[in-house]
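>>> Could you work out the structure for the sequence below:
(2 chains)
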2 protein chains.
Amino acid sequence: MIASFAALLFAAQATTPSPTDPIAADWRPIPDDQVLVMALTGNRQVVIRLAPGYAPQHVANVGALARAHWWDGTSVYRVQENWVAQWGDASGKRPMPAGVVARPAAEFDIAAFTPAVRMSRADAYSTASGITADGWPIATNGQAAWLAHCYGTVGVARDTLPDTGAGSELFTPIGQSARRLDRNYTIIGRIIAGMEYLSALPRSNAEMGFYANDVERTPIVSVRLASDMPAATRPHFEYRAADNPRFAAMVAAKENPKPPTISLGGANVCDIPLETRPVPAD
Amino acid sequence: MIASFAALLFAAQATTPSPTDPIAADWRPIPDDQVLVMALTGNRQVVIRLAPGYAPQHVANVGALARAHWWDGTSVYRVQENWVAQWGDASGKRPMPAGVVARPAAEFDIAAFTPAVRMSRADAYSTASGITADGWPIATNGQAAWLAHCYGTVGVARDTLPDTGAGSELFTPIGQSARRLDRNYTIIGRIIAGMEYLSALPRSNAEMGFYANDVERTPIVSVRLASDMPAATRPHFEYRAADNPRFAAMVAAKENPKPPTISLGGANVCDIPLETRPVPAD
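Numbers count the residues shown, from 1 in each chain, chains lettered A, B, ... in the order given. Coordinates of the predicted model:
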């Protein structure tokens, strides 16, 4: 918790490559049409990596909404302490554009539990968990498998019934855990940059953290797929793949840290860093 | 995630008392000398419930520091995204007052695992966990037991070696989990009011979230034990005791929510609400 420790650590890393460090081949491109860029007022950019492989219908909706510029002029209208930030159309009256399925079937579960790296311990919400080769946290109870609601995960807000979210209203956990939402909300992606522009917003004291008036809301300037942005301003990102011994060694180091740290012998899947990084344009 | 559901829920609770609702006897007073009040500029009050039963030496230090007005004029000097907010003397040069043990032995573990309510599932960091009768989250690996680093827990910052924190530099997790700090940092309490004044502070992009310059820091006006405050401004708090069937029913409902929610069959100890409430002065 004090700077001198980190200084020692960084100095050591600079001189001695660690078995937990990724090599160049471990970084893989995220396709530009799987990168969603939300611009908030004040030049605050939030970047979401989409998960079309796990929630194809809802991610297709999100793409259609972005291409229709549907979110432009909407807002972050809910920020509840130790729970979620939520954005979209606060009025609930903006009509869906063409190409959006208004009530797609819930996509809570995914096809299979096929992690590249498994956690050594179960957690309170699943019998096993791990990281997919392409860098997503997953959990299973032996029958079903699903993406885990970690900090920064982007979920589809809905009403009481499971299939009542189109993908226009989105939320991200800003508190300690939203794992109790697992299997109950569709996950369309995770925030890979600018999370602090949501997590550090003023909390609302109104019921469920919905801001009581419009002045408190944070305006959304635009939401675009990176692939629809001009080349000059289009961001590109890479993710750290998990299908390699460097990643496995990193997970093992998280689960069994070296002395003087006392090892607990395990780690939660949400505590494993799922790194991404911006890369220069072509 | 949408308001109408909550409206229905609150309406139902208003008319039908639930087996999970506390009765009057479940609320017990927190002694005023176990309530620490930190005033930040801008009339922002953060209230910490101290844990003298679990970390007596460090809590004694905290009391001595408060009585010496040691924190007055210090600051919140570190806010790291998805990790911690930390406060105390950014210069590291303010001398310890009389009565403070400069290097107390670490108080990472507690005497025993004696929960009033046990969680039904283990988690990634412990073989069992639960809530003490007096409302603290604890975990065990079968040999040792300890307070869990949940969101809002207040820990003692230190250098690399375990016994290098006196209690003057304190931190609280503002992100999804700090359970990997379990058994590695002394916990002196938990925040019971005003958490949003720490969790929503601007993040620092500097190394480990230490603000690069003084202007970014949030000044601390004063830190006092409630028992040392004038009667007119002294706050009083109660906690919800866990040694009763209402609390057990609440935990069971968290572990096994009713349809249409899909039950995961478990919950993390940090996701159990540990309620406190302010009470009027005598």
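
>>> Give me the below-cutoff pLDDT ranges for chain A.
Filtered on pLDDT under 70, chain A yields the residue ranges A:1-15, A:282.

>>> Mind jotting down where the helices sit in the stretch 51-200 of chain A?
Remark: helices assigned in the stretch 51-200 of chain A by DSSP state H, counting those that start in this stretch are A:56-67, A:196-199.

>>> so which of those helices gets nearest chain B?
Nearest to chain B among the helices of the stretch 51-200 of chain A is helix A:196-199 (4.3 Å), distances taken as CB to the nearest CB. C-beta here means a position set from N, CA and C on the backbone, and glycine is covered the same way.

>>> With just CA atoms, put the closest one into CSV.
Extracted in CSV, the C-alpha atoms of helix A:196-199 (Å, rounded to 0.1, in the frame of the first residue of the first chain):
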residue,chain,number,x,y,z
GLU,A,196,-13.3,5.9,-14.2
TYR,A,197,-15.7,8.1,-16.0
LEU,A,198,-18.5,5.9,-14.8
SER,A,199,-17.2,4.7,-11.5
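
>>> Hmm, residue A:116 and residue A:131 touching each other?
Yes - here residue A:131 reaches residue A:116: they are 6.1 Å apart, a contact under CB atoms under 8 Å.

>>> tell me, what's touching these two both at once?
When CB atoms under 8 Å, 6 or more residues apart in numbering or on different chains defines a contact, the residues bordering residue A:131 and residue A:116 alike are A:242, A:247.

>>> if you count what's nearby, which of the two comes out ahead?
residue A:131 (25 against 17; other CB atoms under 10 Å in any protein chain shown).

>>> can you tell me which residues contact the more buried one?
Counted by CB under 8 Å, 6+ apart, residue A:131 has contacts A:115-117, A:137-138, A:242, A:247, A:251, A:269, A:272, A:274.

>>> Most neighbours among those residues, which one?
residue A:269 (26 neighbours).

>>> ok, so what distance separates that residue from chain B?
Distance of residue A:269 to chain B, computed by CB to the nearest CB, to the nearest Å: 8 Å.

>>> Whichever strand or helix holds residue A:220 pairs with which strands, parallel or anti?
Remark: residue A:220 resides in strand A:218-225, with elements defined by DSSP states H and E. Applying DSSP bridges, strand A:218-225 is found paired with strand A:35-40 (antiparallel), strand A:75-79 (antiparallel).

>>> Pipe those strands into JSON lines and attach mean neighbour count per row.
Compiled in JSON lines, the strands paired with strand A:218-225 are given as follows (neighbours: other CB atoms under 10 Å in any protein chain shown):
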{"stretch": "strand A:35-40", "mean neighbour count": "23"}
{"stretch": "strand A:75-79", "mean neighbour count": "24"}
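
>>> Could you dump these into TSV with distance to residue A:278 added?
Output for the strands paired with strand A:218-225, formatted as TSV (distance: least, CB to CB, whole Å):
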stretch	distance to residue A:278
strand A:35-40	10
strand A:75-79	23
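
>>> nearest to residue A:201, of the ones you listed?
strand A:75-79 (4.7 Å; CB to CB).

>>> Tell me how far that closest one lies from the chain's centre.
17 Å (CA atoms, centre = their mean, to the nearest Å).

>>> before we move on, what about stretch A:251-265?
Centroid displacement of stretch A:251-265 relative to its chain, using CA atoms, centre = their mean, is 25 Å.

>>> so does that stretch get close to chain B?
Yes - counting by CB under 8 Å from any CB of the partner chain, chain B is contacted by stretch A:251-265 at A:254, A:257, A:260-262, A:264-265.

>>> ok, now stretch A:194-201?
Yes - using CB under 8 Å from any CB, stretch A:194-201 reaches chain B at A:195-196, A:199-201.

>>> ok, residues contacting that stretch?
Here stretch A:194-201 makes contact (CB under 8 Å, 6+ apart) with A:38, A:40, A:44-47, A:76, A:79, A:85, A:151-152, A:172, A:174, A:191, A:218, B:81-82, B:199-203.

>>> Among the residues you listed, the buried ones, what's the PyMOL command?
Buried residues within these, by 16 or more other CB atoms under 10 Å in any protein chain shown, are selected in PyMOL with:
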select buried, (chain A and resi 38+40+46+47+76+79+85+151+152+172+174+191+218) or (chain B and resi 81+82+199+200+201+203)
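
>>> Out of the contacts of stretch A:194-201, list just those in strands.
Judged by DSSP state E, the subset of the contacts of stretch A:194-201 located in strands is A:38, A:40, A:44-47, A:76, A:79, A:85, A:172, A:191, A:218.

>>> Kindly indicate which of the residues you listed lies nearest chain B.
For the ones in strands among the contacts of stretch A:194-201, the minimum distance to chain B (CB to the nearest CB) is 8.2 Å, reached by residue A:79.

>>> Specify the beta-bridge partners of that closest one.
Under the criterion used (DSSP bridges), residue A:79 bridges to residue A:85.

>>> buried residues in stretch A:135-150?
A:135-141, A:144-150.

>>> could I get it in PDB with only the CA atoms?
Extracted C-alpha coordinates of stretch A:135-150, given in PDB (Å, rounded to 0.1, in the frame of the first residue of the first chain):
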ATOM      1  CA  GLY A 135     -10.100 -13.100 -22.400                       C
ATOM      2  CA  TRP A 136     -13.500 -13.300 -20.900                       C
ATOM      3  CA  PRO A 137     -14.400 -14.500 -17.300                       C
ATOM      4  CA  ILE A 138     -16.700 -17.500 -17.200                       C
ATOM      5  CA  ALA A 139     -18.300 -19.600 -14.500                       C
ATOM      6  CA  THR A 140     -20.200 -22.900 -14.400                       C
ATOM      7  CA  ASN A 141     -22.400 -24.900 -12.000                       C
ATOM      8  CA  GLY A 142     -21.800 -28.100 -13.900                       C
ATOM      9  CA  GLN A 143     -24.900 -27.800 -16.000                       C
ATOM     10  CA  ALA A 144     -24.900 -24.200 -17.300                       C
ATOM     11  CA  ALA A 145     -22.000 -21.800 -18.100                       C
ATOM     12  CA  TRP A 146     -22.100 -18.000 -18.200                       C
ATOM     13  CA  LEU A 147     -20.100 -14.900 -18.400                       C
ATOM     14  CA  ALA A 148     -19.400 -13.600 -14.800                       C
ATOM     15  CA  HIS A 149     -20.600 -10.100 -13.700                       C
ATOM     16  CA  CYS A 150     -17.300  -8.600 -12.700                       C
END
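
>>> now the residue lying closest to residue A:80 once chain neighbours are set aside: how far from residue B:200?
Leaving out its chain neighbours, the residue that sits closest to residue A:80 by CB to CB, 6 or more residues apart in numbering or on different chains is residue A:209, at 2.5 Å. Residue A:209 sits at a distance of 12 Å from residue B:200 (criterion: CB to CB, to the nearest Å).
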